[in-house]
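Trainee: Fold the following for me, if possible:
(chains A, B, C and D)
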There are 2 protein chains.
Amino acid sequence: MEDAVAEVLRQWQRVHPDLDTLPIAVIGRLTRCATLLQQAADAPLTREGLARPEFDLLGALQRVGRELTPTQLARETFSSGAAVTKRLRRLEERGLVERRADERDRRVAHLSLTEEGRRLIARLVPEQVGYEASLLSALGVDRQRDLADVLSELLVLLEGRLGGVPI
Amino acid sequence: MEDAVAEVLRQWQRVHPDLDTLPIAVIGRLTRCATLLQQAADAPLTREGLARPEFDLLGALQRVGRELTPTQLARETFSSGAAVTKRLRRLEERGLVERRADERDRRVAHLSLTEEGRRLIARLVPEQVGYEASLLSALGVDRQRDLADVLSELLVLLEGRLGGVPI
DNA sequence: AGGAAAATGTTTACGAGTGAAATACCTGTT
DNA sequence: AACAGGTATTTCACTCGTAAACATTTTCCT
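Mentor: Below is the predicted model of the structure:
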């Protein structure tokens, strides 16, 4: 069985016979897999009325286990400050996240999960990860580990090259 | 050297000691790599005032080597019909793509590259692919092939499971 | 102390994608 | 011929992310 990118590679090869198509094979498949996974993997979230970026934000608060400022949340979820502001508004309105003012520096806010947010995320994370595992299961655990390892290598290189995240 | 996801995995492990984090290792890294690559890899395109999805559309016309209808373009670029409509409007305004009416069925349109579009894409594709190759080069060609192979396996599985594209 | 510079967070204007509805057209059946 | 049903494409209303501008507050330097 052949994937959807194989035909694309053949087409490019025919039009540009001298072109090295390896980058397309890697990047094309990477972005395609990411798109499909993001669509598919969000089913448990969507049932709870959460979008993936909102889930990521809640998850960040859960996994670091302490309050975070909006800027820290932006770093932690690899997103812009403006995006975090918008997501926080929705999550605060839903009562999943609460805000505490810093008494020393009046610019900064400290965000934490409410009791309800904690309950939701504690229930949702195992469900979500389990569902993701089932999506990947056909690949076999060893093959998944191979994939995670190569991707980790690539990630180090990309983050280094593109000006990694300074602390 | 460690990638940005490794710390996230440790944090989850500490909060949910019984959680199998392999799916996060795979999917988290996959989406993070895809994001970084898409930001980084678009530099040559951006210089020409093209967005990635517009480039993909032009590329599809170039590599199949014949006219395509909007619906075929949507399939070919994995996007929705509405998105194709919007992109076509911009590309037609820029004179890179032209439209021919079907004389038999007056609903359908046939899109093709203009001479200018052909010139642009013929120049841009080798430049773009070369730039992508340089982004990946630190990984080594063999490792890139490994990656492409696992991703191809995964893609087959995902496309099969998520209701692949019937002809 | 005092003002420039930097940092934090929010707001704003805008562009792009989406699903659903709308539009226009074709095809087959009666 | 007429109509039901299906297809191709566009439009619409909406959501979300972004970059840039903004307001506020702190820090730094002299």
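Trainee: Which of the helices or strands spans the residue sitting nearest the centre point of chain A?
Mentor: Closest to where the C-alpha atoms of chain A average out (C-alpha atoms, centre = their mean) is residue A:56, at 6.6 Å. Taking DSSP states H and E as the criterion, residue A:56 maps to helix A:52-64.
Trainee: who touches that helix?
Mentor: Helix A:52-64 has contacts (C-beta atoms under 8 Å, 6 or more residues apart in numbering or on different chains) with A:38, A:42, A:45, A:50, A:67-68, A:73, A:76-77, A:79, A:83-84, A:87-88, A:90-91, A:96-97, A:111-113, A:117-118, A:120-122, A:124-125, A:128, B:8, B:11-12, B:14-15. Any C-beta I mention is one placed from the backbone N, CA and C, and that applies to glycine too.
Trainee: From those residues, list the buried ones, please.
Mentor: When the contacts of helix A:52-64 are checked for burial by 16 or more other C-beta atoms under 10 Å in any protein chain shown, the buried set is A:42, A:45, A:50, A:67-68, A:73, A:76-77, A:79, A:84, A:87-88, A:91, A:96-97, A:111, A:113, A:117, A:120-121, A:124-125, A:128, B:8, B:11-12, B:15.
Trainee: if you look at these, which of them are in strands?
Mentor: Judged by DSSP state E, those include A:97, A:111, A:113 as members of strands.
Trainee: pLDDT and distance to DNA strand D for those - can I get that in TSV?
Mentor: Formatted as TSV, those follow (pLDDT from 0 to 100; distance: C-beta to the nearest atom of the strand, whole Å):
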residue	pLDDT	distance to DNA strand D
A:97	98	15
A:111	98	16
A:113	98	19
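Trainee: ok, these vs residue B:102, which is closest?
Mentor: Of all these, residue A:97 has the smallest distance to residue B:102: 53.4 Å, by C-beta to C-beta.
Trainee: ok, that closest one to chain B distance?
Mentor: Residue A:97 sits 17 Å away from chain B, going by C-beta to the nearest C-beta, to the nearest Å.
Trainee: coming back round to it: are the helix holding residue A:56 and DNA strand D in contact anywhere?
Mentor: Yes: using C-beta under 7 Å from any atom of the strand, helix A:52-64 reaches DNA strand D at residue A:53.
Trainee: list the contacts for residue A:117?
Mentor: A:58, A:61, A:91, A:95-97.
Trainee: Between which two of these is the distance greatest?
Mentor: Greatest spatial distance in the contacts of residue A:117: A:61 and A:95, 14.1 Å, computed using C-beta to C-beta.
Trainee: Settle it for me: which of those two has more neighbours?
Mentor: Neighbour count, other C-beta atoms under 10 Å in any protein chain shown: between residue A:61 and residue A:95, residue A:61 has more, with 23 against 12.
Trainee: before we move on, the earlier item: could you restrict the buried ones among the contacts of helix A:52-64 to the ones contacting DNA strand C?
Mentor: Okay, of these touching DNA strand C (C-beta under 7 Å from any atom of the strand), that's A:84, A:88.
Trainee: Which of the buried ones among the contacts of helix A:52-64 fall in helices?
Mentor: The members of the buried ones among the contacts of helix A:52-64 that map onto helices under DSSP state H are A:45, A:73, A:76, A:84, A:87-88, A:91, A:117, A:120-121, A:124-125, A:128, B:8, B:11-12, B:15.
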